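*Asks:* After the sequence you'll find the predicted model.
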Amino acid sequence: MNKVLKQLEFRTILKLAAASIALVFLILYALFQARFLIVGPQIVLSYEPGSIQNERQIYLEGTTYNISRLWLNDRQIYTDAQGSFKEALILENGYTVSTLRAEDRYGRSTDLSRSFMYTPASFIK
C-alpha cells in the first residue's frame, strides 16, 4: 500500500510539473504575440537628409512598424506592404520643420520631427 501511495504522489507531482511548464510556455507565447501591441507604432528613417539643403525638394524615406495610418505634416501618406515609404518634401525659403506622425489601430501615436534649412546654391560660398 505504501508503494502505491508513493507512486500516486509521484504521478501527481509529475502532472503538476507538466501543467506548470505548459502554463509558462502559454504565457511566454502570449507575450510574444502581444509584442506589437506592447511596443506600439514605430518610424525608422533609412535615409535622413542633412539639415542644411541647397535643393528645394528632398525625400524622406524609411520604414514603419505596427501602424495603420501615417502623416507627413498633417497630410496622409501611404506605405507599401512592407511598411516602407518615400515621400517628397518641398522646402520653403529658410527654416522648415517636417513631422512624421504614425498611428496604430488602437489610437496610439508617435511623432518624428526633423528640421531643415533651405539655402539656395547661389547663397552658398
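*Replies:* The structure has been received and is ready for your questions.

*Asks:* show me what contacts the residue nearest to residue 115 when sequence neighbours are not counted?
*Replies:* Spatially, and ignoring its direct neighbours in sequence, residue 115 is nearest to residue 97 (5.2 Å; C-beta to C-beta, 6 or more residues apart in numbering). The way it works is simple: take the backbone N, C-alpha and C, and place the C-beta from them, glycine included. Contact analysis of residue 97 by C-beta atoms under 8 Å, 6 or more residues apart in numbering lists 113-116.

*Asks:* pLDDT wise, what is residue 97 at?
*Replies:* You'll see residue 97 listed with a pLDDT of 93.

*Asks:* measure residue 100 to residue 89 for me?
*Replies:* Residue 100 is 10 Å from residue 89, where distance means C-beta to C-beta, to the nearest Å.

*Asks:* Any idea what the residue nearest the centre of the chain is bridged to?
*Replies:* Of all residues in the chain, the one closest to the mean position by C-alpha atoms, centre = their mean is residue 42, 2.4 Å from it. Residue 42 has these beta-bridge partners by DSSP bridges: residue 65.

*Asks:* still on that earlier bit, and the contacts of residue 97 as CSV, adding distance to residue 55 and secondary structure?
*Replies:* Shown next, in CSV, are the contacts of residue 97 (distance: C-beta to C-beta, whole Å; DSSP: H, G, I helix; E, B strand; the rest coil):
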residue, distance to residue 55, secondary structure
113, 20, strand
114, 15, strand
115, 16, strand
116, 10, strand
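
*Asks:* Tell me, how many residues neighbour residue 64?
*Replies:* 22 (other C-beta atoms under 10 Å).

*Asks:* ok, for it, nearest residue in space, not its chain neighbours?
*Replies:* Distance criterion C-beta to C-beta, 6+ apart; nearest residue to residue 64, sequence neighbours excluded, is residue 83 at 4.5 Å.
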